[in-house]
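J.: Structure for the following, please:
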Amino acid sequence: MRSTFKVLFYLKRDKQKANGNVPLFCRITIDGREVRFGMKKDIQPKYWDVKAGKASGRTSEAGEINALVENTKSAIYRVYRELQERDNNVTAEKVKNAFLGINTPNQNLIELFDRHNEEKKLLIDVSIGYDLYDKYRTTRNHLAQFLKEWYSLSDISMKEIDHKFISDFEVFLLTTRKCSENTAAAYLKLFKHIFIVALQFGWTHNDPFVNYPIRLKPIDRGYLTQEEVETLMRHSFSTKRLERVRDLFVFCCFSGLSYIDVMNFSKENICTSFDGKQWIVGKRGKTKVMYQIPLLEVPEMILKKYSRELPEGRLLPVLDNSTVNSYLKEIGKECEIGKKLTFHLSRHTFATLTLTKGVSIESVSKMLGHSDIKTTQIYAKITSDKISKDMELFAGKIKGMGSIMV
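T.: Residues are numbered from 1 along each chain as shown. This is a model prediction of the structure:
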């Protein structure tokens, strides 16, 4: 939809002076919202043509006023066009400030990031999960370290950030912070979000991320086969801590819950459904999308096991995420599984195993709590075994058709 933009000159008649002169004002209107400012010029009302919006007559004073009006109008239109080229949200206030040379308050990157993160912190468990807040916090800390080590600065104006700054920060992430390419790309996306906020509030008119490529490399997310899951289940651990983390991991291999959902898991998440059986239900901590998963035999047995061991109110032996992943490395080594075990691997495993066993991708998507089935396609890998079984089923249905050929 096109913006409506108008510039009008008028007399401020309620400010008439003792000599009868009235001050000339300019009004800028964009999409129904207007701002005004004085032209620092007075005129006798009888010499002002309201309809034409200019002075009447052939006097030198009228010529001077009309020249001022035309020059001002041309300058305002020029400012408006320039703002349109670099700003998605041009307001009458921005046009007036730019024309009068009133600068918007200077915004510094770390200062703005801190304010943004404080607001996000208040929204934890309201509209965002803690994991997203933590990623913003980590991005801010990386930027602060980068500014100190590469630029010897504690902060920098948003207006000074350009392609070179972003490129240097990306190199810093890949080298000093030793991030993978995809992890660095994720931090750059969160950094870019801060610029989107700054642009929306008019704190900067420059978006250095325009034409800056943020590339994600395709990765093999990995999963455990049924045989590898069974190896974990059969293994007898010498320490209770590894046994508990194994049980937690296996629980999620058969339920598809993410770490944050396991952290929030309680008795309220288990209910009897329409089929008379127990289901795991809830809202994803990350997206707030509903998930519904039938409670299978294996996770049910794990819940019963810990109902006698854990304090009241706790259903599963949950530890902090970094500790869980550290113990999983030990578990993988002890069970001689040649894959990198992380807690999120259990979710990939659930998605892949269910699809391999013939569960529809629509059902898997619903159980995982995905809002878009494309996300499920990323998580779930169709194995060669699944393709083989599907084609074997198809071959059985068309058996004998070869005799039709002459």
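J.: count of neighbours near Thr272?
T.: By other CB atoms under 10 Å, the residues close to Thr272 number 10. All C-beta spots, glycine's among them, are computed from the backbone N, C-alpha and C.
J.: Isn't it up against Ile280?
T.: No - if you go by CB atoms under 8 Å, Thr272 and Ile280 don't touch, sitting 11.7 Å apart.
J.: Next, show the common contact partners of those two.
T.: Residues touching both Thr272 and Ile280 (CB atoms under 8 Å, 6 or more residues apart in numbering): none.
J.: So Lys96: helix, strand or coil?
T.: The three-state label given to Lys96 by DSSP: H, G, I helix; E, B strand; the rest coil is helix.
J.: Quick check: it vs Ile270, distance?
T.: From Lys96 over to Ile270 the distance is 60 Å, taken as CB to CB, to the nearest Å.
J.: same question, Glu160
T.: For Glu160, the distance to Ile270 - CB to CB - is 54 Å.
J.: In which helix or strand does Phe25 reside?
T.: strand 22-30 (DSSP states H and E).
J.: can you check Lys73 too?
T.: According to DSSP H and E, Lys73 maps onto helix 60-86.
J.: Go through that helix and flag the buried ones.
T.: Using 16 or more other CB atoms under 10 Å as the test for burial, helix 60-86 gives Ala62, Ile65, Asn66, Leu68, Val69, Thr72, Lys73, Ile76, Val79, Tyr80, Leu83.
J.: Hmm, Lys94 is touching Leu83, no?
T.: Yes - the pair Lys94 and Leu83 qualifies as a contact (CB under 8 Å) at a distance of 6.0 Å.
J.: What is the neighbour count of Leu341?
T.: 24.
J.: returning to what we had before: so which of the buried residues of helix 60-86 is the closest to His116?
T.: Closest to His116 out of the buried residues of helix 60-86 is Leu83 (24.1 Å), distances taken as CB to CB.
J.: helix/strand/coil for the closest residue in space to the closest one that isn't next to it in sequence?
T.: Distances taken as CB to CB, 6 or more residues apart in numbering put Val90 closest to Leu83, at 4.6 Å, once the chain neighbours are dropped. Three-state assignment for Val90 (three-state DSSP): coil.
J.: contacting residues around Val90?
T.: So Val90 contacts Ser3, Ile30, Tyr80, Leu83, Gln84 (CB under 8 Å, 6+ apart).
J.: mind redoing it with 10 Å?
T.: By CB atoms under 10 Å, 6 or more residues apart in numbering, the contact set of Val90 is Ser3, Phe5, Ile30, Asp31, Val79, Tyr80, Arg81, Glu82, Leu83, Gln84, Ala98, Gly202.
J.: Beta-bridge partners for the second one, please?
T.: Going back to what we said before, that points to Phe5. For Phe5, the beta-bridge partners are Ile30 (DSSP bridges).
J.: one step back: the more surrounded of Lys96 and Ile270?
T.: Lys96 (19 against 16).
J.: any idea how far that one is from Tyr306?
T.: Taken as CB to CB, the span from Lys96 to Tyr306 is 65 Å.
J.: How about Ile161?
T.: Distance from Ile161 to Tyr306, counting by CB to CB: 50 Å.
J.: which of the two has more neighbours?
T.: Set Ile161 next to Tyr306 and count neighbours by other CB under 10 Å: Ile161 wins out with 21 against 16.
J.: wait, doesn't that one sit right on Thr204?
T.: Yes - if you go by CB atoms under 10 Å, Ile161 and Thr204 touch, sitting 8.3 Å apart.
J.: what do these two both touch?
T.: With CB under 10 Å, 6+ apart, Ile161 and Thr204 have common neighbours Phe195, Ala198.
J.: Tell me where the model's unsure across this structure.
T.: For the chain, residues meeting the criterion pLDDT under 70 lie at 1-2, 87-88, 103-106, 202, 219-221, 285-287, 311-313, 379-389, 397-406.
J.: Next up, the contacts around Met233.
T.: Arg246, Asp247, Val250, Cys253, Val298, Cys335.
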